[in-house]
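1. dropping the sequence and predicted coords here.
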Amino acid sequence: MRFSMDDVLRYKGKSVVVTGAASGMGEAAARILVDLGATVTALDINATKVAVDRTLTIDLRDRSNIEEVAASIDGPIDGLFSCAGLPGPPFSEWDTILVNFVGARHLAEQLVPKMSKGSAISAISSSAAMGWQGHRKVITELLETEGFDAAVEWLTANEKKWSWSGYAYSKYITDAWVSWWYPELASKGIRINCINPGPTETAMMPAFQDFATKEVVDQSVGPVGRYSTAEEQAWPLVCLGSPRFSYVGGTVLWTDGGWEGAMTMDRHQATWTDTADREMSKNS
């Protein structure tokens with residue numbers, strides 16, 4: 001198959017929606033998509049600095065607002081990039097899980113009828129989702145709910161099961177969600193995937209460090225030995241949404257500098273220590 005190298009990811013002329021486009025990975029993704037020639041609709045509770053084609057204010061905690069915004073977006077939509085998120089404290093556990101999953105899912109479900117065959121949903125989860133499979137039975141109960149209000153009802157009735165961390169649990173659910181929903185979306189010719197970033201230099205990072213301490217966050221740095229930039233997370237996300245990745249669906253891509261692999265093979269601490277020792281030797 002022949003293709004143009006100046007549009008290798010095939011975004012030119014495509015219509016995409018990016019949530020969380022005012023900062024961090026969402027802003028980086030929106031900027032990349034504009035540069036690739038896509039028509040970008042940016043959704044956020046704040047204004048974006050990216051020169052997108054259209055901006056809309058959305059509050060993913062508010063079902064009515066989500067539905068109003070979704071109704072105002074014309075199809076066909078070729079891609080949805082679900083990048084909005086909260087880091088947990090100082091935000092409440094409720095706000096965090098509503099924005100990170102309940103509202104994100106509701107928006108996606110509202111937009112799917114307008115999505116074209118061959119389109120894709122690309123979401124941001126987190127390396128904090130590691131081990132979600134151990135919670136599969138409970139997570140499945142939430143995934144089986146239909147709509148925003150039913151999800152809220154389940155969360156209310158089962159608050160003790162998730163409120164220890166609205167952030168971590170929302171990421172467990174997101175990783176499970178892409179596998180859960182893809183079989184249904186595939187019948188419509190739509191893909192869904194997510195990335196699991198490691199620690200990333202965004203506006204949310206100080207909140208993570210204040211809540212969990214910098215030392216704990218640093219333990220999630222992979223063998224690469226540093227935090228990523230927002231752009232280093234946005235590019236894999238944009239690639240997942242490209243038609244060039246047409247056979248990739250229901251998949252979690254670990255964009256964590258090798259942390260998950262090192263943890264799985266009990267190599268994380270050794271690798272991190274070796275990297276630190278090498279750096280110390282160079283600087284001594």
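-> Arrived safely.
2. now the helices for the stretch 51-200 of the chain?
-> Remark: helices assigned in the stretch 51-200 of the chain by DSSP state H, counting those that start in this stretch are 63-71, 93-97, 103-111, 136-143, 148-157, 159-162, 166-186.
3. quick one: average pLDDT of the last one?
-> Model confidence over helix 166-186 averages 97 on the pLDDT scale.
4. that one vs helix 136-143, what angle?
-> 70 degrees (axes from the mean of the first three to the mean of the last three CA atoms, to 10 degrees).
5. turn the helices of the stretch 51-200 of the chain into a markdown table, including mean neighbour count and distance to Met130.
-> The way it works is simple: take the backbone N, C-alpha and C, and place the C-beta from them, glycine included. Listed next are the helices of the stretch 51-200 of the chain as a markdown table, based on neighbours: other CB atoms under 10 Å; distance: least, CB to CB, whole Å:
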| stretch | mean neighbour count | distance to Met130 |
| --- | --- | --- |
| helix 63-71 | 17 | 29 |
| helix 93-97 | 21 | 18 |
| helix 103-111 | 22 | 20 |
| helix 136-143 | 16 | 14 |
| helix 148-157 | 16 | 22 |
| helix 159-162 | 14 | 17 |
| helix 166-186 | 21 | 9 |
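6. in a markdown table, list those along with distance to Met25.
-> Listed next are the helices of the stretch 51-200 of the chain as a markdown table, based on distance: least, CB to CB, whole Å:
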| stretch | distance to Met25 |
| --- | --- |
| helix 63-71 | 20 |
| helix 93-97 | 17 |
| helix 103-111 | 14 |
| helix 136-143 | 24 |
| helix 148-157 | 24 |
| helix 159-162 | 24 |
| helix 166-186 | 14 |
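7. Thr48 is nearest to which of those helices?
-> helix 63-71 (14.5 Å; CB to CB).
8. leaving out chain neighbours, which residue sits closest to the residue nearest to the spatial centre of the chain?
-> In the chain, the residue lying closest to the centroid (CA atoms, centre = their mean) is Ile124, at 0.9 Å. Leaving aside its sequence neighbours, Ile124 sits nearest to Cys83 (CB to CB, 6 or more residues apart in numbering; 5.2 Å).
9. I'd say the one you found and Arg31 touch.
-> No: the pair Cys83 and Arg31 does not pass the contact test of CB atoms under 8 Å, sitting 11.9 Å apart.
10. between the two, who's got more neighbours?
-> Set side by side, Cys83 and Arg31 show more neighbours around Cys83, with 29 against 21, by other CB atoms under 10 Å.
11. can you pull the contacts of that one?
-> Contacts for Cys83 were tallied using CB atoms under 8 Å, 6 or more residues apart in numbering; they are 18-21, 24-26, 29, 123-124, 237.
12. got the phi and psi for it?
-> Backbone dihedrals for Cys83, given as degrees, to the nearest 10, come out at phi -110, psi -10.
13. state the distance from it to Met204.
-> As judged by CB to CB, to the nearest Å, Cys83 and Met204 stand 11 Å apart.
14. overlap in contacts of those two?
-> Residues touching both Cys83 and Met204 (CB under 8 Å, 6+ apart) are Gly24.
15. which parts of the longest strand anywhere in the chain are buried?
-> Secondary structure of the chain read by DSSP state E shows that its longest strand is strand 115-124. Neighbour-count burial for strand 115-124 flags 115, 119-124 (criterion: 16 or more other CB atoms under 10 Å).
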